[in-house]
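Asks: I would like the atomic coordinates for the input below:
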Amino acid sequence: MMDMPSPQESTPRSNAAELRSLSPQALRQVIRRQDHTGPTMGLAPGYLQGNLAILPQAQAFDFLLFCQRNPKPCPIIGLAEAGAVNLPELGQDIDIRSDLPAYRVFRNGIPQQTVADLDALWREDLVSFVIGCSFSFEEALEEAGIPLRHLQAGSNVPMYRTSISTVPAGAFSGPLVVSMRAFPSWDAIHAILLSDRFRLAHGAPVHIGEPAQIGIKDLDTPDFGDPPYMEEGDIPVFWACGVTPQLALRHCGADLAITHAPGHMLVTDLPSSAAEARLSGLSSFRPSDSPNP
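Replies: Numbering: from 1, shown residues only. Model (predicted):
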C-alpha cells in the first residue's frame with residue numbers, strides 16, 4: 001500500500017506542450033510561482049532532473065556515506081553546504097526551497113505532510129543532496145523510438161519496495177526501491193543497453209522479469225507513483241530508484257528531513273549527457289538496426 005499519496009497534477013493538460021517547451025530556468029520560475037505542482041516527467045527535455053534529500057548537518061555525513069555505498073539508487077549530482085539554498089553547479093538561479101513542485105516532510109522519520117515550498121521549514125543546519133533521476137534516461141529511450149507506457153498514459157512511473165537490502169551507513173539502512181517500465185522483448189533489451197550509459201541516472205536495471213523474485217507481491221499496487229500500464233507480452237524491467245533514501249531515513253534520528261514528492265523533481269541546467277557515460281559502439285545503435293521480433 002502507498003504510505004502517502006503523491007500530489008495530483010494541478011496543471012491543465014492543455015498546458016503540457018507549453019510546459020515541455022520551456023527552458024529549465026523558465027520552468028523553475030513557473031514551479032516557484034506554484035503554477036505547476038504536478039510531476040516533472042517529460043518536461044525540460046535534454047536536461048538532467050534530480051531527486052532531493054535534505055537532512056540536518058548532524059546526519060549529513062552518514063547520508064553521504066550511504067549514497068557512496070549505494071550508487072545505483074543514490075548517484076549524487078549536487079551537494080550544498082549547511083544552510084545554503086543555492087546549487088550553482090546545477091543552475092545559477094536555483095532556490096532549493098521553492099523549485100520543486102512538491103516536497104515530502106518527515107518528522108522523526110515519519111512522513112507528515114506534502115508542501116509546495118520550504119519557506120516556513122528552512123533551517124540553517126539543513127544540508128541538501130540532489131540525486132540523479134531516471135527521467136533523464138527516459139528521454140534517450142523516447143528518442144530511440146522505445147514506447148514508455150506511463151508517459152503515453154500521462155501517469156507517474158510506478159515504484160515499489162523490494163526485498164533487496166541497501167548497504168547500511170550509520171543509522172541509514174532499508175530496502176531498495178525500484179521504478180518499473182514495461183516493454184516488448186526487443187525494446188526491453190534496447191532499453192537496458194541505453195540506460196546503462198546513464199550512470200548518474202541509475203544506469204542499467206537491477207532486475208528483469210518476475211516481480212516476486214525481488215519481493216514485489218502485486219505489480220498493480222505500487223508503493224509510490226501510479227499503477228502500471230502494460231500490454232500483452234510486455235516484460236517488466238526494474239531500475240534502482242531515488243525514492244530509496246525516503247525509506248532509509250526513517251530511523252536515522254533526524255528530527256526533520258525533506259525529500260521530493262515521488263515524480264516531482266528538481267530540473268537542472270545540466271544537459272542530460274552529463275549523466276551519460278558513453279560506451280563504445282552503443283552511440284550508433286538504433287532500433288532500425290534490429291531484426292523484427
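Asks: ok, now how distant is residue 93 from residue 119?
Replies: Residue 93 is 17 Å from residue 119, where distance means C-beta to C-beta, to the nearest Å. C-betas here are computed from N, CA, C, even on glycine.
Asks: more neighbours, these two?
Replies: residue 93 (13 against 10; other C-beta atoms under 10 Å).
Asks: please enumerate the helices of the chain.
Replies: Remark: helices assigned in the chain by DSSP state H are 16-20, 24-32, 57-69, 135-143, 149-153, 185-195, 244-248.
Asks: for these, which one sits closest to residue 215?
Replies: Comparing the helices of the chain against residue 215 with C-beta to C-beta, the closest turns out to be helix 244-248 (13.0 Å).
Asks: relative to the whole chain's centre, how far out is the closest one?
Replies: On the basis of C-alpha atoms, centre = their mean, to the nearest Å, helix 244-248 sits 12 Å off its chain's mean C-alpha point.
Asks: can you give me the end-to-end distance of stretch 201-213?
Replies: 24 Å (C-alpha to C-alpha, to the nearest Å).
Asks: and for stretch 211-222?
Replies: Note: stretch 211-222 ends 11 Å apart using C-alpha to C-alpha.
Asks: with stretch 244-252 instead?
Replies: Stretch 244-252 stretches 14 Å from its first residue to its last (C-alpha to C-alpha).
Asks: in that stretch, what's buried?
Replies: 244-250, 252 (16 or more other C-beta atoms under 10 Å).
Asks: same check, this time on stretch 72-91
Replies: Neighbour-count burial for stretch 72-91 [16+ other C-beta under 10 Å]: 72-80, 86-87, 90-91.
Asks: pull the distance from that stretch to the chain's centre.
Replies: On C-alpha atoms, centre = their mean, the centre of stretch 72-91 falls 14 Å from that of its chain.
Asks: contacts for stretch 101-113?
Replies: 3-4, 6-7, 31, 36-40, 52, 114-118, 121, 246, 249-261, 264 (C-beta atoms under 8 Å, 6 or more residues apart in numbering).
Asks: just the buried ones among these, please.
Replies: Members of the contacts of stretch 101-113 classed as buried by 16+ other C-beta under 10 Å are 4, 6-7, 31, 36-40, 52, 114-118, 246, 249-250, 252, 254, 256-261, 264.
Asks: shaky segments in this protein?
Replies: Scanning the chain for pLDDT under 70 picks out the ranges 1-14, 276-293.
Asks: strands of that one, start to end?
Replies: 47-56, 76-79, 103-107, 110-115, 126-132, 159-165, 175-183, 207-208, 235-240, 256-260, 266-271 (DSSP state E).
Asks: how far off helix 24-32 does the longest one point, in degrees?
Replies: Angle between the axes of strand 47-56 and helix 24-32 is 50 degrees (criterion: axes from the mean of the first three to the mean of the last three C-alpha atoms, to 10 degrees).
Asks: CA-only coordinates of strand 47-56 in PDB, if you can.
Replies: Below are the C-alpha coordinates for strand 47-56, written out as PDB (Å, rounded to 0.1, in the frame of the first residue of the first chain):
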ATOM      1  CA  TYR A  47      18.200  18.500 -19.200                       C
ATOM      2  CA  LEU A  48      19.100  16.500 -16.100                       C
ATOM      3  CA  GLN A  49      16.500  16.100 -13.400                       C
ATOM      4  CA  GLY A  50      17.200  15.200  -9.800                       C
ATOM      5  CA  ASN A  51      15.700  13.700  -6.600                       C
ATOM      6  CA  LEU A  52      16.100  15.600  -3.400                       C
ATOM      7  CA  ALA A  53      17.100  14.700   0.200                       C
ATOM      8  CA  ILE A  54      17.500  17.400   2.800                       C
ATOM      9  CA  LEU A  55      18.800  16.500   6.300                       C
ATOM     10  CA  PRO A  56      20.300  18.200   9.400                       C
END
